[in-house]
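**Student:** Need coordinates for the following:
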Amino acid sequence: GCDTSLPPSLGATMRALRAHSSMALRKTFTTASGAMSTAITATTTVANVRPRRSALYMPGSNARALDKGRSLSCDVILFDCEDAVSPDDKVLARNQIAEALAAGGFGDRELVVRVNPLASPWGEDDVVAMAEAGAHAVLIAKAENQDEVNEVAALLHKTCRSRDEDKGMPDIWCMIETPLGVLRAAELASMHPVTCLVAGTSDLAADLRCDGEWQHRTALLPFLSHTVLAARAHGVAVLDGVHLNLQDDEGFEASCQQGRALGFDGKTLIHPKTIETANIAFAPSSEEVQQARRKIEAFAEAQAAGSALVVLGEKGFSINDTPRHPGCPRPRPFLRHPQLREHAHARTPTATRHRPCISLSPNQTGS
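**Tutor:** Below you'll find the predicted structure:
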């Protein structure tokens, strides 16, 4: 699985989280006065906690690449039916991806498929095939409005309901790679089926008529930050765009460091040789892991003592100031389709749902 490239302490933590992924956690937040009578209690379910430091695009028409994906140390494999596949190979790509998913052997990697638009000759069949094959999520290219997401969600729901064995509906990821997509990123992130936004920097730069590589992506920074803001506001994961120059190792590493500084959870990649650099850049250091553990212990001690103030070293902070990251629950928005509301109710016993990701940081194949 993908844990092999994690620092030992982080790998152990992730394995423990996954081993308890069905555990119901009860978290009590006390008021500033510490009065338990006014405590607010929320119950949520930990589901599918995983890092997303490295997400490798992989054209579905390349059978050899699909097989190699089982041995790579990336956290996410982005199987591609869309941008990296010629029209003549669309059906071949779909079939080969479905066969690879059905065969399994990918360990803990998250398996996501970028599908063709529903308006194309291949889109609907892509979505149905990936739902049947057991993809963890489908990625909508050039996502711009909620109707697109609703249509894909309804098709996924219909497909999953018709199966003999319900393995759960795949999540929906949205590529933010057009000006309109950027402006509507928050609307897309607010939707129940959406669990991740993916920056498509190459196509976005082309539409903006700007130089997306000039001086460390200066022209794209406002739009990248806007995408991160939308994701964080609605509790979903967010991945940075690709770095196309495979000969520019120094530039790629700088891009990873910049992405982490901007708040991205990981980076989309176009070649296996970049996986290790992305994994290192977006993983917490041993010192950060230890500091996080000390904070957890300090919170537990404060709660046991009935105190609303946590002291860690020379710093003090309120027990209510627990950091929010993509794994934190959030209220679910109203869903338009009755069948989707029914599906959401079946997936979530309470009014909140735990997001299936964890934050690890305080055109070739990808666009």
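
**Student:** quick one: contacts for residue 257?
**Tutor:** Residues counted as contacts of residue 257 (C-beta atoms under 8 Å, 6 or more residues apart in numbering) are residue 281. Glycine gets a C-beta too; all of them are placed from N, C-alpha and C.

**Student:** With residue 132 instead?
**Tutor:** 98, 159, 163.

**Student:** Specify the local secondary structure of it.
**Tutor:** At residue 132 the chain is in helix, as set by DSSP: H, G, I helix; E, B strand; the rest coil.

**Student:** do residue 112 as well
**Tutor:** Classified using three-state DSSP, residue 112 is strand.

**Student:** number of nearby residues for it?
**Tutor:** Using other C-beta atoms under 10 Å, residue 112 is surrounded by 26 other residues.

**Student:** who does it bridge with?
**Tutor:** Note on residue 112: beta-bridge partners by DSSP bridges are residue 78, residue 137.

**Student:** Looks like residue 224 contacts residue 197 (just checking).
**Tutor:** No: using C-beta atoms under 8 Å as the test, residue 224 is too far from residue 197 to be in contact (10.8 Å).

**Student:** quick one on the thing from earlier: top of the contacts of residue 132 by neighbour count?
**Tutor:** Within the contacts of residue 132, neighbour counts (other C-beta under 10 Å) peak at residue 98, which reaches 23 neighbours.

**Student:** what's around residue 289, how many residues?
**Tutor:** When counting by other C-beta under 10 Å, one arrives at 18 neighbours for residue 289.

**Student:** where's it, which helix or strand?
**Tutor:** Element membership for residue 289 (DSSP states H and E) is helix 286-304.

**Student:** Specify the next element, helix or strand, located C-terminal of that helix.
**Tutor:** Heading C-terminal from helix 286-304 (DSSP H and E), you reach strand 309-312.

**Student:** So what are the sheet partners of that following strand and their directions?
**Tutor:** In the sheet, strand 309-312 lines up against strand 315-318 (antiparallel) (DSSP bridges).

**Student:** hey, C-alpha coordinates of the helix holding residue 289 in PDB?
**Tutor:** C-alpha atoms of helix 286-304 as PDB (Å, rounded to 0.1, in the frame of the first residue of the first chain):
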ATOM      1  CA  SER A 286       8.600  13.900  12.500                       C
ATOM      2  CA  GLU A 287       8.700  17.000  14.600                       C
ATOM      3  CA  GLU A 288       5.200  18.000  13.400                       C
ATOM      4  CA  VAL A 289       3.800  14.600  14.100                       C
ATOM      5  CA  GLN A 290       5.200  14.700  17.600                       C
ATOM      6  CA  GLN A 291       3.900  18.200  18.200                       C
ATOM      7  CA  ALA A 292       0.400  17.000  17.000                       C
ATOM      8  CA  ARG A 293       0.500  14.100  19.500                       C
ATOM      9  CA  ARG A 294       1.500  16.500  22.300                       C
ATOM     10  CA  LYS A 295      -1.500  18.700  21.400                       C
ATOM     11  CA  ILE A 296      -3.800  15.700  21.500                       C
ATOM     12  CA  GLU A 297      -2.500  14.700  24.900                       C
ATOM     13  CA  ALA A 298      -2.800  18.300  26.200                       C
ATOM     14  CA  PHE A 299      -6.400  18.500  25.000                       C
ATOM     15  CA  ALA A 300      -7.200  15.100  26.700                       C
ATOM     16  CA  GLU A 301      -5.700  16.300  30.000                       C
ATOM     17  CA  ALA A 302      -7.600  19.600  29.900                       C
ATOM     18  CA  GLN A 303     -10.900  17.800  29.200                       C
ATOM     19  CA  ALA A 304     -10.200  15.300  32.100                       C
END
